[in-house]
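Student: Pasting a predicted model and its sequence here:
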Amino acid sequence: MSAKPNPIDMAKYVSARRAVDYVQDGMRVGLGTGSTAAWMVRCLGEMIREDGLRITGVPTSTRTADLARQCGVPVATLEDAKWLDLTIDGADEFDADLNLIKGGGGALLQEKIVATASDMTVIITDPSKEVASLGAFPLPVEVIPFGWQTTKALIEESLIGQDVDGRAVTLRLASQLPFRTDEGNLILDLHLRRIGNPRQLSLLLNQIPGVVENGLFLDIADVVICGRQDGTVEVRDVNHGTVTEETVDISGGENIFGSIAD
Ligand SMILES: O=C(CO)[C@H](O)[C@H](O)COP(=O)(O)O
């Protein structure tokens, strides 16, 4: 049995399919987390099976590691790989400067470490993720469980006087229990609505004891690919200063859609 993906999945698939063009034989590739990154992992699995591609994948979460193994993508830890050629990951928001909010899936810490340890980071998105200013998506902040209420209060205090439009901070829950990251930490979501100065905010948050990392990814993306359900993409390349419109060859995608629908 195979099924057609819905339009949003189609846009995510198209973006992922374009992104794997950056993958070359022998590369060490950081594997992001989330539904868009999952399409990329499935595409890599297909390239390994069909084209004999040889790569080592470094997953950014246990979820992605499980999927990579299912898809036949060899996985290694960052300790083993040490440095990566390329990371491909999704995002919750991106702005005109290709700064991002990430961490909607709770994997921001490993995602930031892996992307920072990569020669190149390609972000795969769809049009719903593009914003004029970051902040409509609640900013995830990973905190250690010890004294987390105190850390939350310190974050709330630090937001006073910041150029933001909202200041509510909530503990992320999953099935009515505190959500735990792969490191066993908690996530506080900052409902800021608009972040006027992402750089200042990122520095401020990371200075607070108990904060492990925040979901602002600044100057990390080299390329942002925005996929559309009609099979076209916009590719923005920071280093080359280019924005290109392309049509992606999505033939063969039925194999992937079939394999997840079975
Ligand atoms: O940062 C992330 C996980 O921590 C994801 O990249 C982000 O949440 C986007 O997810 P999706 O592709 O499912 O929309």
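Tutor: Great, that's in hand. Numbering: from 1, shown residues only.
Student: which outside residues touch the lengthiest helix in the chain?
Tutor: When the chain is parsed with DSSP state H, its longest helix is helix 35-51. Helix 35-51 is contacted by residues 9, 12-13, 15-17, 19-20, 23, 29, 31-32, 53-55, 57, 60, 64, 67-68, 70-73, 88-90, 124-126, 252, 255-256, 259-260 when judged by Cβ atoms under 8 Å, 6 or more residues apart in numbering. Heads up, the C-betas are built off the backbone N, CA and C, glycines and all.
Student: what about that helix and the ligand, touching?
Tutor: Yes - contact between helix 35-51 and the ligand, assessed by Cβ under 6 Å from any ligand atom, occurs at S35, T36, A37.
Student: How about that helix, which residues are buried there?
Tutor: 36-48 (16 or more other Cβ atoms under 10 Å).
Student: And these, which is closest to the ligand?
Tutor: Proximity to the ligand was ranked across the buried residues of helix 35-51 by Cβ to the nearest ligand atom; first place goes to T36, at 3.2 Å.
Student: and the residue nearest to that closest one when sequence neighbours are not counted, what is it in contact with?
Tutor: Counting by Cβ to Cβ, 6 or more residues apart in numbering, the nearest residue to T36 once its immediate chain neighbours are dropped is G90, at 3.7 Å. By Cβ under 8 Å, 6+ apart, the contact set of G90 is K12, G32, T33, G34, S35, T36, A37, K102, I123, I124, T125.
Student: The ligand versus the residue nearest the centre of the chain, what's the distance?
Tutor: By Cα atoms, centre = their mean, the mean C-alpha position of the chain lies nearest to G90, the distance being 3.3 Å. Relative to the ligand, G90 is positioned 3 Å away (Cβ to the nearest ligand atom, to the nearest Å).
Student: How about G72?
Tutor: 22 Å.
Student: Quick one: neighbours of that residue, just the number.
Tutor: 11 (other Cβ atoms under 10 Å).
Student: now swap in W148 and tell me
Tutor: When neighbours are counted by other Cβ under 10 Å, W148 comes out with 16.
Student: same thing with the one 3 residues further on?
Tutor: For T151, the count of nearby residues is 22 (other Cβ under 10 Å).
Student: filter the contacts of G90 to the buried ones?
Tutor: Using 16+ other Cβ under 10 Å as the burial test, these include K12, G32, T33, G34, T36, A37, K102, I123, I124, T125 as buried.
Student: What about these, which are in helices?
Tutor: K12, T36, A37.
Student: What segments of this structure are helices?
Tutor: 7-19, 35-51, 62-70, 78-81, 108-116, 148-159, 198-206, 253-261.
Student: possible to save those as TSV with mean pLDDT?
Tutor: Output for the helices of the chain, formatted as TSV (pLDDT from 0 to 100):
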stretch	mean pLDDT
helix 7-19	96
helix 35-51	97
helix 62-70	98
helix 78-81	98
helix 108-116	98
helix 148-159	98
helix 198-206	98
helix 253-261	67
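Student: The ones you listed: which one's closest to V212?
Tutor: Checking those against V212 by Cβ to Cβ gives helix 108-116 as the closest, at 5.9 Å.
Student: tilt between that closest one and helix 35-51?
Tutor: 50 degrees (axes from the mean of the first three to the mean of the last three Cα atoms, to 10 degrees).
Student: Can I get helix 108-116 in PDB, CA atoms only?
Tutor: Extracted in PDB, the C-alpha atoms of helix 108-116 (Å, rounded to 0.1, in the frame of the first residue of the first chain):
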ATOM      1  CA  LEU A 108      18.000  22.100  20.000                       C
ATOM      2  CA  LEU A 109      21.100  21.400  22.100                       C
ATOM      3  CA  GLN A 110      22.400  18.500  20.000                       C
ATOM      4  CA  GLU A 111      21.300  20.300  16.900                       C
ATOM      5  CA  LYS A 112      23.300  23.400  17.800                       C
ATOM      6  CA  ILE A 113      26.400  21.400  18.700                       C
ATOM      7  CA  VAL A 114      26.200  19.300  15.500                       C
ATOM      8  CA  ALA A 115      25.600  22.300  13.200                       C
ATOM      9  CA  THR A 116      28.400  24.300  14.800                       C
END
